[in-house]
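Got a predicted structure here, sequence first:
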Amino acid sequence: LDNGFDACGAGQYQDIEELLVGHFGLRRTAYVHSFGCQQNEADAQKLAGLCVKMGFELGPEIDSANLIILNTCAVRESAQNRALGWIGSLKGQKQRNPNTIIAVFGCMSQLSDIAERLRSSYPYVDIIAGAGLMHLLPVLLQKRLREGKTVVDVTKQASITESVIEHNKNPYKAWLPIMKGCDNFCSYCIVPYVRGRESSREKQLVLKDAARYLSGGCKEITLLGQNVNSYGKGLKDGGDFPGLLGELDAMDGDWWLRFMTSHPKDFGKRLVDTIAGSRHICRHIHLPVQSGSDRVLKAMNRGYTTREYLKLIDYARSRIDGVSFSSDVMVGFPGESRKDFEKTLALVSKVGFNAVYMFIYSPRAKTAACKLDDPVTKQEKSAWFRELVSLQQSISEEQNRALVGRRLKVLVEGKSKKREGLVGRTQGDIIVEFCAESDEDLTGQFTDVQIEHAGNASVSGRRIARANT
Ligand code: SF4
């Protein structure tokens with residue numbers, strides 16, 4: 001099963017149409033759900049695109065779907081348990097409607113023990129396929145319908161799906177994968193084992209996708225990769241990440257360019273200078289630090305010290321006007337002491353991130369860290385975690401308060417779920433809730449908002465004018 005339909009270029013969709021009509025009837029709906037990171041979200045958009053190509057309508061309701069696709073995550077145990085919970089809850093639906101096809105894709109099913117567990121304990125799952133195999137959906141579905149038994153493909157291939165056009169229900173915002181896999185082997189991380197080694201997409205293909213999104217009205221493109229800063233390794237055209245950003249930035253229009261995830265060890269001065277001189281790149285950098293203790297960073301195999309990290313932050317601040325930072329921090333890495341944790345608190349205070357995504361260490365099989373002694377109790381780790389959350393909340397609130405009275409450009413995301421009015425984000429990734437004087441649907445447009453109030457998670461205000469730039 002090494003080629004998707006599009007990849008081998010044959011017009012096989014006609015073949016599968018007969019099978020699909022025979023199994024589901026003429027009208028069929030698919031439900032696609034993604035767990036975990038933005039890369040998974042981008043993969044899920046490709047899966048949704050393939051569903052549309054096979055004649056499925058995409059529905060918001062899992063209960064009435066004929067084809068259910070879950071794109072799973074294995075980065076933390078909690079994400080894995082959540083996905084298994086969802087899969088467990090589908091048993092009843094399958095019993096009520098045995099024609100429902102359930103497919104489980106992604107990093108979790110890439111793990112051989114989980115694939116085996118899915119096969120033996122969840123026999124109603126029809127398709128089990130690993131990460132990077134979403135382009136095979138039509139082939140796997142065809143095989144399942146022809147042979148009538150569970151199809152499993154968890155071969156390791158972090159392939160880049162070039163020929164599949166994604167389905168994006170918010171086309172003003174695009175996720176654009178530029179690479180897959182990771183070579184870093186941070187000692188706690190399962191990604192290199194499930195997504196494979198790093199490989200970059202050819203620059204021309206990335207540029208072509210970006211041009212397609214922008215001509216379709218897209219206002220924000222986020223470049224995705226496990227370590228975008230090392231983009232280009234192994235490419236024949238000799239491109240690198242600052243070069244790619246430069247070419248993307250030359251594209252006209254009123255739009256924002258973001259990227260994630262960056263690795264501090266590969267984030268060089270040239271990249272900072274590229275951002276400083278750009279028109280479209282947001283002045284906001286997500287730069288995961290993970291720990292404020294050099295001892296812990298070494299045990300994590302992160303490849304930088306806190307001194308180097310802080311030097312990079314200082315350089316970026318000296319070169320990029322108004323730059324802000326967010327980060328990822330892990331609490332309770334095996335062997336982390338209270339003293340190490342206090343160094344993390346000190347670093348978080350010193351940098352003044354506008355947001356920190358915090359996690360308690362979750363042991364993952366196969367990784368080097370899961371073999372280390374871990375004497376700190378779960379209760380103690382939870383208490384540290386709460387301490388860090390409370391520190392960051394006060395920092396975020398203080399930073400947000402400094403925005404009161406300012407007029408900010410916001411990309412509107414739609415109706416607010418929390419209060420009456422709309423919600424959007426600034427280029428600094430601050431959530432802005434605001435009211436507008438009319439009922440006009442501003443989703444996907446830039447507007448200006450006068451900030452009047454601040455909390456630790458968002459700011460709020462009122463729309464004052466539509467921005468021209
Ligand atoms: S850089 Fe480290 S944390 Fe990020 S995906 Fe690679 S191994 Fe995992």
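That came in fine, so what should we check first?

How about the secondary structure of G424?
The three-state label given to G424 by DSSP: H, G, I helix; E, B strand; the rest coil is strand.

can you pull the contacts of it?
Counting by C-beta atoms under 8 Å, 6 or more residues apart in numbering, G424 makes contact with 410-413, 431-432, 434, 447, 449. Every C-beta, even on glycine, is put in place using the N, C-alpha and C of the backbone.

To which secondary structure element is R119 assigned?
In the assignment (DSSP states H and E), R119 maps to helix 112-121.

so which strand or helix has H453?
strand 446-454.

and the next element down the chain from that strand?
As assigned by DSSP H and E, the chain's next helix or strand after strand 446-454 is strand 459-465.

in its sheet, what does that next one sit against?
Using DSSP bridges, strand 459-465 pairs in its sheet with strand 431-435 (parallel), strand 446-454 (antiparallel).

Of all these, which one is nearest C107?
strand 431-435 (27.7 Å; C-beta to C-beta).

tell me the contacts of the residue in the stretch 351-469 of the chain that the ligand sits nearest to?
Going by C-beta to the nearest ligand atom, the ligand is nearest to T367 of the stretch 351-469 of the chain, at 9.0 Å. T367 is in contact with 187-190, 193, counting by C-beta under 8 Å, 6+ apart.

Tell me the secondary structure at it.
T367 ends up coil, using three-state DSSP.

Now do the same for it: its pLDDT.
On pLDDT, T367 comes in at 95.

now the strands paired with strand 459-465 in JSON lines, with mean neighbour count?
Output for these, formatted as JSON lines (neighbours: other C-beta atoms under 10 Å):
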{"stretch": "strand 431-435", "mean neighbour count": "21"}
{"stretch": "strand 446-454", "mean neighbour count": "19"}
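
Export the ones you listed as JSON lines, with columns for mean pLDDT and distance to I360.
What follows is those, written out as JSON lines (pLDDT from 0 to 100; distance: least, C-beta to C-beta, whole Å):
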{"stretch": "strand 431-435", "mean pLDDT": "95", "distance to I360": "24"}
{"stretch": "strand 446-454", "mean pLDDT": "97", "distance to I360": "28"}
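
can I assume G238 is in contact with Y231?
No - look at G238 against Y231 with C-beta atoms under 8 Å: they stay out of range, at 11.8 Å.

Between these two, tell me which one has more neighbours.
It is Y231, of G238 and Y231, that has more neighbours when counted by other C-beta atoms under 10 Å, with 25 against 8.

Now that one: phi and psi?
Note on Y231: backbone dihedrals following degrees, to the nearest 10 are phi -50, psi 140.

Please report how far it lies from G243.
Taking C-beta to C-beta, to the nearest Å as the measure, Y231 falls 9 Å from G243.

Contact residues of the stretch 151-300 of the chain facing the ligand?
Selection of the stretch 151-300 of the chain residues close to the ligand by C-beta under 6 Å from any ligand atom yields 182, 184-186, 189, 191-192, 226-227, 263.

okay, the spatially closest residue to E77 that is not a sequence neighbour: pLDDT?
When the adjacent residues along the chain are set aside, E77 lies closest to S362, with 4.6 Å between them (C-beta to C-beta, 6 or more residues apart in numbering). Looking at S362, its pLDDT is 94.

Would you state the strands of the stretch 101-250 of the chain in chain order?
Here the stretch 101-250 of the chain has its strands, by DSSP state E, counting those that start in this stretch, at 101-106, 127-129, 151-153, 173-177, 179-180, 199-200, 220-224.

Can I get the ones you listed in JSON lines including mean pLDDT?
Output for these, formatted as JSON lines (pLDDT from 0 to 100):
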{"stretch": "strand 101-106", "mean pLDDT": "96"}
{"stretch": "strand 127-129", "mean pLDDT": "96"}
{"stretch": "strand 151-153", "mean pLDDT": "91"}
{"stretch": "strand 173-177", "mean pLDDT": "96"}
{"stretch": "strand 179-180", "mean pLDDT": "92"}
{"stretch": "strand 199-200", "mean pLDDT": "92"}
{"stretch": "strand 220-224", "mean pLDDT": "98"}
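
Any chance of these in JSON lines with mean neighbour count as columns?
Converted to JSON lines, those look like this (neighbours: other C-beta under 10 Å):
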{"stretch": "strand 101-106", "mean neighbour count": "26"}
{"stretch": "strand 127-129", "mean neighbour count": "24"}
{"stretch": "strand 151-153", "mean neighbour count": "20"}
{"stretch": "strand 173-177", "mean neighbour count": "22"}
{"stretch": "strand 179-180", "mean neighbour count": "25"}
{"stretch": "strand 199-200", "mean neighbour count": "21"}
{"stretch": "strand 220-224", "mean neighbour count": "22"}
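
out of those, nearest to E380?
E380 lies closest, by C-beta to C-beta, to one member of the strands of the stretch 101-250 of the chain: strand 101-106, at 32.3 Å.

so how far is that closest one off the chain centroid?
Strand 101-106 sits 19 Å away from the centroid of its parent chain (C-alpha atoms, centre = their mean, to the nearest Å).

How about stretch 220-238?
Distance, stretch centre to chain centre, for stretch 220-238: 15 Å (C-alpha atoms, centre = their mean).

now do the same end-to-end measure for it.
Terminal residues of stretch 220-238 lie 26 Å apart, using C-alpha to C-alpha, to the nearest Å.

Stretch 434-454 too?
This stretch, stretch 434-454, spans 12 Å end to end (C-alpha to C-alpha).

Kindly report the same for stretch 260-273.
Start-to-end, stretch 260-273 (C-alpha to C-alpha) is 17 Å.

do the same with stretch 119-133
Span of stretch 119-133 from end to end, C-alpha to C-alpha: 18 Å.
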